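Novice: The following block contains a protein sequence and its predicted model.
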Amino acid sequence: LDTALFWSSRLEWHSEKNIFQITDVIGPDEYHEHIDNNAFTNYFAFWHLRKAVAVAEWLTKENPCKAKQLFERMNLTEQTFRDWNNQAQQIYLPFDEKSALIAQFDGYFNKKNVLASQFDPRTTSIQSLLGIDGANNTQIIKQPDVIMLMYLLPEMFEQEVIRANYDYYTPRTDLSYGSSLGPSIQTIMDTRFGSEHEAYENFIHSALMDINDLRGNTKEGIHGASAGGVWQAVVFGFGGLHFNQEDWWVEPKLPAHWKRLSFKFNWRGESQMVDIRP
């Protein structure tokens with residue numbers, strides 16, 4: 001609820017287009033800064049405001065007294081929740097019906113259309129090769145951005161839309177030397193829309209990031225967030241763990257040479273054990 005207050009205040013009304021937009025931001029892709037209407041940001045602001053309204057409704061139903069105390073403390077009224085709902089419905093959510101593509105930000109498709117592979121072989125990032133402005137002028141991105149959005153909020157998109165954006169953005173992502181956070185998320189999406197070879201290649205790249213000092217900076221400390229991504233790649237990617245409001249299930253995609261994968265997780269206070277074998 002508190003963060004919904006922030007997103008509500010961060011939205012900017014575009015009077016000519018009759019939409020709310022979010023300008024001058026940076027999304028997960030750090031090769032492009034000071035951009036307008038980053039898809040990841042806008043879609044999550046939309047999701048956040050709607051979820052906040054749902055949480056307020058749930059709390060009011062489950063514990064009216066506590067809800068009243070909290071809302072008074074935060075100065076939240078029924079009008080506040082109506083405003084959040086109205087704002088969410090008018091947030092600009094980029095999507096092209098013809099191509100099924102989501103522009104990562106305003107003007108992204110006007111950038112130079114090059115692929116990361118065009119700079120191979122290399123031993124450094126695209127930004128190091130081209131400079132900050134040079135990388136900014138291309139469609140090459142540092143890590144999954146639109147693809148990350150679809151990994152986190154899959155229920156918002158049809159499968160063919162996810163597939164179209166996966167196919168478009170994957171070859172434009174600097175997975176080799178961009179963000180250390182990229183390969184693990186890419187692995188998960190590879191298991192769903194790519195090939196086993198691509199998934200395992202990105203997984204190994206992520207798993208050996210510090211063990212083999214692939215970026216030459218392990219002496220400065222391990223890539224902790226990347227390590228968390230490796231766990232997600234195993235569990236949500238190869239293990240195929242999915243969940244929604246009602247239940248959880250697995251759709252395993254084990255690499256051909258793996259003999260077994262087992263893991264535990266907590267689901268609504270209860271420990272669950274998954275044991276997968278070919």
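Specialist: It's in.
Novice: How are the strands of the stretch 1-150 of the chain distributed by residue range?
Specialist: All strands of the stretch 1-150 of the chain, identified by DSSP state E, counting those that start in this stretch, fall at 12-14, 19-21.
Novice: ah, wrong one, I meant the stretch 151-278 of the chain
Specialist: Under DSSP E, counting those that start in this stretch, the stretch 151-278 of the chain gives strands at 241-243, 248-250, 261-267, 270-276.
Novice: deepest of the ones you listed, which one?
Specialist: strand 241-243 (a mean of 15; mean count of other C-beta atoms under 10 Å). The way it works is simple: take the backbone N, C-alpha and C, and place the C-beta from them, glycine included.
Novice: Walk me through which strands it pairs with, and which way each runs.
Specialist: strand 248-250 (antiparallel) (DSSP bridges).
Novice: count of neighbours near the closest residue to residue 193 other than its chain neighbours?
Specialist: Excluding the flanking residues, the one nearest residue 193 by C-beta to C-beta, 6 or more residues apart in numbering is residue 166, at 4.5 Å. Using other C-beta atoms under 10 Å, residue 166 has 20 other residues around it.
Novice: Equivalent analysis for residue 119, please.
Specialist: Neighbours of residue 119 under the rule other C-beta under 10 Å: 18.
Novice: just residue 238 next, same as before
Specialist: Residues near residue 238, counting by other C-beta under 10 Å: 23.
Novice: Just the buried positions in stretch 224-244, please.
Specialist: 226, 229-230, 232-241 (16 or more other C-beta atoms under 10 Å).
Novice: Just flag the most distant two among those.
Specialist: Using C-beta to C-beta, the pair of these lying farthest apart is 226 and 240, separated by 21.2 Å.
Novice: centre of the chain versus the longest helix that the chain contains, how much separation?
Specialist: The helix spanning the most residues in the chain, taking DSSP state H as the definition, is helix 39-62. Offset of helix 39-62 from its chain centre (C-alpha atoms, centre = their mean, to the nearest Å): 17 Å.
Novice: and that helix, which residues are buried?
Specialist: Quick answer for helix 39-62 (16+ other C-beta under 10 Å): 39-50, 52-53, 56, 59-60.
Novice: For the residue of the chain positioned farthest from its centre, report the pLDDT, please.
Specialist: Distance from the centre of the chain peaks at residue 65, with 36.3 Å (C-alpha atoms, centre = their mean). Looking at residue 65, its pLDDT reads 98.
Novice: can you check residue 213 too?
Specialist: For residue 213, pLDDT reads 85.
Novice: For it, give me its contacts.
Specialist: residue 219 (C-beta atoms under 8 Å, 6 or more residues apart in numbering).
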